[in-house]
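[1] Return atomic coordinates for the entry below.
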Amino acid sequence: MNKLIDINIKNKKVLIRVDYNVPIENNVIKNDFRLKSSIETINYCLSQNASVILMSHLGRPNGIDPLFSLEPIIDFLEDTFNVYVHFSEDCISDNSIKISSELLPREIHLLENLRFYKGEINNDEKFAKKLSKHGDIYICDSFGTAHRMHASNSSVLKYFKHKGIGFLMSKEFKYLTADNNMKTTVLIGGAKISSKLKMIYNYLDKCDTILIGGAMAFTLLKSQNINVGSSLVENNMVNESKKILDKANKMGVDIILPTDIVSSTSIDDDSKINIKSIDEIDNQDIGLDIGPETTMIYLNYLSKSEKVIWNGPMGLFENYNYATGTTSISSALKDYTMNNKLNTIIGGGDTVRAIEMTESIDSFTHVSTGGGASLKLLSGEKLDLIKSWEQYE
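    So this is what the prediction gives:
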């Protein structure tokens, strides 16, 4: 894939697939992380005297729905780039295409939500062809959709001779691919080991230590014949969990599991919260966070690392009572990173939301804008975007 900087875009019309799928309530943007992540690419295009046409999806509308309009993003764009932003209420109408064709250099045109049309998700070629009429050059800078084949990042490639990826995409590929030259620790959490299994296998020969938290730890613990009480377990993954622990042991890779947990017999009852050693778990206990001893053990590993890849929270962070493990690790990683002792790569989705409860995501080396896409890359899988690029190259 060509990079934006290697394409001559001077005085051209550049159609950019951005990811503006951000939370909006009452026309107010609640989180602008993904919007800010697109600034570098747009600024570069404007510096080349290009006209910029932006397209994105927002949410999962069922047809045209004003609640999922991209119109509230206009103010952000105008304030950021100090230009008037043209807006089209229909991304493929004749009028919207006319506006794009008449754009002056350094002007911006924002198209309405792509998913107002079923053709976007269905990867419809006719829909993609209409989208392609907006620009001379196509740039993909939407990592959050890179694990899906949709019209705006797949079929649309067929209609462009000159195409490439923006600065955001380049950073995602740079940081989310393995670097065996650094002492690496992988920190994995979340609910289900089934969704992280490929990532664990992928890093067995690429890291020194894998630290496990979240509910997925209990499936691994059960595979070691440890009583996990009423904690969330994927029973159909117990045998597979034993296999991966055995394989890691043979390869000399340490997979570290919690030694203590924060538990409760009822998630909704604060009076039933306890800190228990793994060998003290009763049948009615539900594990909901890593305990203080486990947190200290994990922080010791992290402090000795050169690079940390973190995907998945350590507990039920949405509930304050079970967020301590996640926030403690987040705070420490921030400090290690800012003291230039550590490169921190943060997977998207829940990990980012957990960090933002207490820390600024600007404090880390790289924070991914895509949950599903980042997990797929970290698992060593080829993104659907790359498959589409190979098809239409």
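[2] Report how many residues lie close to Pro72.
    As a burial measure, Pro72 scores 16 neighbours (other C-beta atoms under 10 Å). Any C-beta I mention is one placed from the backbone N, CA and C, and that applies to glycine too.
[3] That one and Val28 touch, don't they?
    Yes - between Pro72 and Val28 there is a contact at 7.1 Å, judged by C-beta atoms under 8 Å.
[4] looking at the sheet around Ile275, what are its partners?
    Assessed by DSSP bridges, Ile275 has beta-bridge partners Val262.
[5] which residues touch Met182?
    Shown in contact with Met182 (C-beta atoms under 8 Å, 6 or more residues apart in numbering): 306-307, 343.
[6] do the same with Asp208
    Counting by C-beta under 8 Å, 6+ apart, Asp208 touches 183-185, 253-254, 305.
[7] let's go with 7 Å and repeat that
    For Asp208, the contact set (C-beta atoms under 7 Å, 6 or more residues apart in numbering) comprises 183-185.
[8] and it, how far is that from Ile255?
    Applying C-beta to C-beta, to the nearest Å, the value for Asp208 to Ile255 is 11 Å.
[9] can you check Leu220 too?
    8 Å.
[10] any common contacting residues for those two?
    In terms of C-beta under 7 Å, 6+ apart, Leu220 and Ile255 are both contacted by the residues 212, 245.
[11] Those two: which is more packed in?
    Counted by other C-beta under 10 Å, Leu220 and Ile255 do not tie: Leu220 has more neighbours, with 24 against 19.
[12] Please identify the nearest residue in space to that one, excluding sequence neighbours.
    Ser241 (4.7 Å; C-beta to C-beta, 6 or more residues apart in numbering).
[13] who are the neighbours in contact with Arg60?
    Arg60 neighbours (C-beta under 7 Å, 6+ apart): Arg115.
[14] Let me know the pLDDT of it.
    You'll see Arg60 listed with a pLDDT of 96.
[15] same check, this time on Phe127
    You'll see Phe127 listed with a pLDDT of 98.
[16] So it: helix, strand or coil?
    helix (DSSP: H, G, I helix; E, B strand; the rest coil).
[17] related to what we said a few turns ago, show me just the buried residues among the contacts of Met182.
    Buried residues within the contacts of Met182, counting neighbours by 16 or more other C-beta atoms under 10 Å: 307, 343.
[18] ok, of the contacts of Met182, which one's closest to Pro61?
    Asn343 (38.5 Å; C-beta to C-beta).
[19] follow-up on the earlier one: the residue nearest to Leu220 contacts Ile193, doesn't it?
    Yes - contact status for Ser241 versus Ile193: in contact at 6.1 Å, counting by C-beta atoms under 7 Å.
[20] Next, show the common contact partners of the two.
    219-220.
[21] Based on its surroundings, how many neighbours for Ile137?
    Ile137 has 21 neighbouring residues, counting by other C-beta under 10 Å.
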